[in-house]
Structures are given as C-alpha cells and as structure tokens.
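> Got a sequence here, can you model it:
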Amino acid sequence: MTEALLHLLAITAMLVGSFALMGVAFRLFSGQLQMDLRARRTARRRARGLDRPPEAVHRPVEQVAADLRRLARQLDRVPAGSPAVRRRGFQAAYDDVLTEAAGQFAVPHALAGLRPGPARDVERLRVEAALADVGLVVR
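Predicted coordinates for the structure are as follows:
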C-alpha cells in the first residue's frame, strides 16, 4: 500500500511539475513573462521613489545658437564651383540645427516634411524670421 501511495505521489508531482513548466514556457514564449518581470521591477522602483518621469534633454540654447550661426557662416562661404554634395551637407546640418532651435522656442515649422527646393528655402527663411521675432537672430 505504501509503495502504491509513493508511486501516486510521484506521478502527481510529475504532472504538477509538467503543468507548471508548460505555464512558464507559454509565458516565456508569449512575452508575458518579460512583461510580468518589467511590471514587478517598475512596482519596486515606484515603491522606492526611483521611478520619475524622464526629464527632457535639450542642449543649452546658447550652444544651439552658436552652432546655427557657425553653420550659417560655413554655408555662406562655400565657394562657387564646390561640389554640390558639400553645399547639401552644410544645408542639411543647418536645417537640423534650425529645427532643433525651432523646437526649443516652440516655433512651428515644416522643414522636416519638405524636399530640397524653393518651398524648403522659403520655409527656412520663415523659420529664421520667426526665431528672430522670439530673440534668436541667426544672420
């Protein structure tokens, strides 16, 4: 009788272990285990007061203005007859920093959505004028 009971307990333990292992495998492959671990980690961080919203990371306005003026000078000094790639490179860098400055001063712009050409040139002038209105004179 004891031997039969031991066999029954062993079979039960194997079945319970198998179902538990299948549950963990399902959660692991479905991504639920990762979500559970992330939720626990977040709960622990909140309990310790470590889970603060991320602070916005911006370069100082002075540095953005200096880069903008430097790139404007370099763009103005590209000699005639230089490869077009050089001018486009300076123009792209200038537009990136101009977009950054517009974002810092909450100046609406459409530079990212326009292709190089007259429409983009007009938008660039408009953004420069809007920045000058809020106090950032580029040229």
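
> helix, strand or coil for residue 59?
coil (DSSP: H, G, I helix; E, B strand; the rest coil).

> mind checking the SS state of the nearest residue to it once chain neighbours are set aside?
Spatial nearest neighbour of residue 59, chain neighbours left out: residue 100 (7.3 Å); criterion: Cβ to Cβ, 6 or more residues apart in numbering. For the C-beta atoms, the positions are set from N, CA and C on the backbone; glycine is no exception. The three-state label given to residue 100 by three-state DSSP is helix.

> Roughly how far does residue 100 sit from residue 78?
Using Cβ to Cβ, to the nearest Å, residue 100 is found at 22 Å from residue 78.

> before we move on, what about residue 128?
Residue 128 is 18 Å from residue 78, by Cβ to Cβ.

> which of the residues in the helix or strand hosting residue 89 are buried?
According to DSSP states H and E, residue 89 maps onto helix 84-104. Using 16 or more other Cβ atoms under 10 Å as the test for burial, helix 84-104 gives 90-91, 93-95, 97-102, 104.
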